[in-house]
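*Asks:* what follows is a predicted protein model with its sequence.
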Amino acid sequence: MKAIVVNDQAAGMAGMTLVERPEPTAAINDVIVEVHASGFVPTEMAWPSTWTDRRNQDRTPSIPGHELSGVVSALGYGTTGLSVGQRVFGLADWHRDGTLAEFVAVEARNLAPLPGDVDFTVGASLPISGLTAWQGLFDHGRLQAGRSVLVHGAAGAVGTMVTQLAREFGAYVIGTGRSADRPKAFDFGAHEFVDLENDTLEDIGGVDLVFDVIGGDIQERSVRLVRAGGTLVSVVGPVEARPADGLAVDFVVEADRAQLTEIVQRVRDGRLRTNIGHVAPLDDAVAALNPTERSKGKTVVLVRP
Ligand SMILES: NC(=O)c1ccc[n+]([C@@H]2O[C@H](COP(=O)([O-])OP(=O)(O)OC[C@H]3O[C@@H](n4cnc5c(N)ncnc54)[C@H](OP(=O)(O)O)[C@@H]3O)[C@@H](O)[C@H]2O)c1
């Protein structure tokens, strides 16, 4: 099968090559998915799981990409809940070969049915940003209606999902980003916007929940804005600062079929819009994933255009 592989951690994204690889085989409880579209997070080359397995052994050449949509083509021993020919979408294991390939082996529980009226490109754009937003707001942030949320990177892949879900849930949403991100943050539902390049973050006063996708100094300053009993949720590694009278949580997104189903239902009925930037066929994916200019929104690779 055709697949993009990486061999050299030092080379990063520039080390991606399109090659022929053997098709994967299904282990217990796996399905093999014929990939139609693959989502990609630009920080993948910095994740240890791109390079090593769960025993910390080198697993190169590894196939990146952990979001997918496609059609089930085979079942592993004992696999239940999904059928051959079924449209699916979801999250591939961090430590196994990923989705920038014509086929991928995934545990069935990490996937959900993709309804026939949601196209594969949209399906592949949802799992990481949608589940991260859902889990950060509701599982870890324990958001309640009427509370305020500071959403950093509100025009980004995760931030646009956080903004929409928080707003639907009845929260007051303050988005942040660069100057150019203002219209997009409002378009996705932010009530207010802080331009981190020109405005003073501290002018917003207190908030109940900070959803951080930036870290560093921005995180440190945001922590001081968390009201008593509030929470900082971070998806950029261990938190560097904690609220004086609140919680700090950092987490890595997990596959969850029920939550994927909630997310895709919202896409179908118009409550949730995805934030797709560039779409490229697999043959052009190496160039598309190494853009000369920073692309906005999620890059989706069409494996079967
Ligand atoms: N732990 C997890 O489970 C998990 C899950 C998903 C994502 N993540 C991480 O979360 C981060 C965001 O992911 P994403 O897919 O949403 O990325 P993205 O689409 O690039 O969104 C990030 C947004 O934040 C903006 N931003 C970053 N630094 C900024 C700064 N200093 N000032 C103002 N704006 C800034 C970016 O603007 P520019 O593009 O102009 O810089 C962009 O609009 C990544 O580091 C990713 O690895 C973690």
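*Replies:* Received the coordinates, thanks.
*Asks:* thought M13 was touching P291?
*Replies:* No - contact between M13 and P291 fails when scored by CB atoms under 8 Å: they sit 9.6 Å apart. Where you see a C-beta, it was placed from the backbone N, CA and C, and this is true even at glycine.
*Asks:* count of residues packed around the residue in the stretch 151-300 of the chain that the ligand sits nearest to?
*Replies:* Distances between the stretch 151-300 of the chain and the ligand by CB to the nearest ligand atom are smallest at G156, namely 1.9 Å. Using other CB atoms under 10 Å, G156 has 24 neighbouring residues.
*Asks:* report pLDDT for the nearest residue to it once chain neighbours are set aside.
*Replies:* Once flanking residues are discounted, G156 sits nearest to V213: 6.4 Å by CB to CB, 6 or more residues apart in numbering. On the pLDDT scale, V213 is placed at 98.
*Asks:* does E220 sit in a helix, a strand or a coil?
*Replies:* In three-state terms, and counting by DSSP: H, G, I helix; E, B strand; the rest coil, E220 is helix.
*Asks:* tell me the phi and psi of the nearest residue to it once chain neighbours are set aside?
*Replies:* Of all residues not flanking E220 in the chain, A241 sits nearest, at 4.5 Å (CB to CB, 6+ apart). Torsion angles at A241 (phi, psi; degrees, to the nearest 10) stand at phi -150, psi 150.
*Asks:* pull the number of nearby residues for A241.
*Replies:* For A241, the count of nearby residues is 18 (other CB under 10 Å).
*Asks:* correct me, but it touches G216?
*Replies:* No - at 9.9 Å, A241 does not count as touching G216 under the criterion of CB under 8 Å.
*Asks:* that older thread, tell me the contacts of the residue nearest to E220?
*Replies:* Contact analysis of A241 by CB atoms under 8 Å, 6 or more residues apart in numbering lists Q219, E220, V223, L232, A248.
*Asks:* G85: what secondary structure?
*Replies:* Secondary structure state of G85, per three-state DSSP, is coil.
*Asks:* tell me how many other residues surround it.
*Replies:* G85 is flanked by 9 other residues according to other CB under 10 Å.
*Asks:* check the gap between it and the ligand for me.
*Replies:* Computed as CB to the nearest ligand atom, to the nearest Å, the G85 to the ligand distance reads 30 Å.
*Asks:* next up, the contacts around that residue.
*Replies:* The contact partners of G85, taken as CB under 8 Å, 6+ apart, are V71, V72.
*Asks:* repeat that for 6 Å
*Replies:* Contacts for G85 (CB atoms under 6 Å, 6 or more residues apart in numbering) come out as none.
*Asks:* what phi and what psi does the backbone show at M161?
*Replies:* Backbone torsions of M161, given as degrees, to the nearest 10, read phi -70, psi -40.
*Asks:* what's the answer for D208, then?
*Replies:* Residue torsions, per degrees, to the nearest 10, at D208 are phi -90, psi -30.
*Asks:* do the longest strand seen in the chain and the ligand come into contact?
*Replies:* As assigned by DSSP state E, the longest strand anywhere in the chain is strand 30-40. No - for strand 30-40 and the ligand, the contact criterion (CB under 6 Å from any ligand atom) is not met; the two come no nearer than 9.3 Å.
*Asks:* what packs against that strand?
*Replies:* strand 67-75, strand 103-107, helix 120-125, strand 298-302 (3 or more CB pairs under 6 Å, 6 or more residues apart in numbering; DSSP states H and E).
*Asks:* that one pairs with which strands, and in what direction?
*Replies:* strand 67-75 (antiparallel), strand 103-107 (antiparallel), strand 298-302 (antiparallel) (DSSP bridges).
*Asks:* what's the domain layout of the chain?
*Replies:* 2-126+274-302, 129-250 (automatic domain parsing).
*Asks:* now the terminal residues of the last one, how far apart.
*Replies:* Chord length of domain 129-250, first to last residue, is 15 Å (CA to CA, to the nearest Å).
*Asks:* for stretch 85-96, same thing?
*Replies:* By CA to CA, the extent of stretch 85-96 from end to end equals 23 Å.
*Asks:* got it, and stretch 210-228?
*Replies:* Stretch 210-228 has an end-to-end distance of 13 Å (criterion: CA to CA).
*Asks:* please read off the pLDDT at P305 from the model.
*Replies:* On the pLDDT scale, P305 gets 84.
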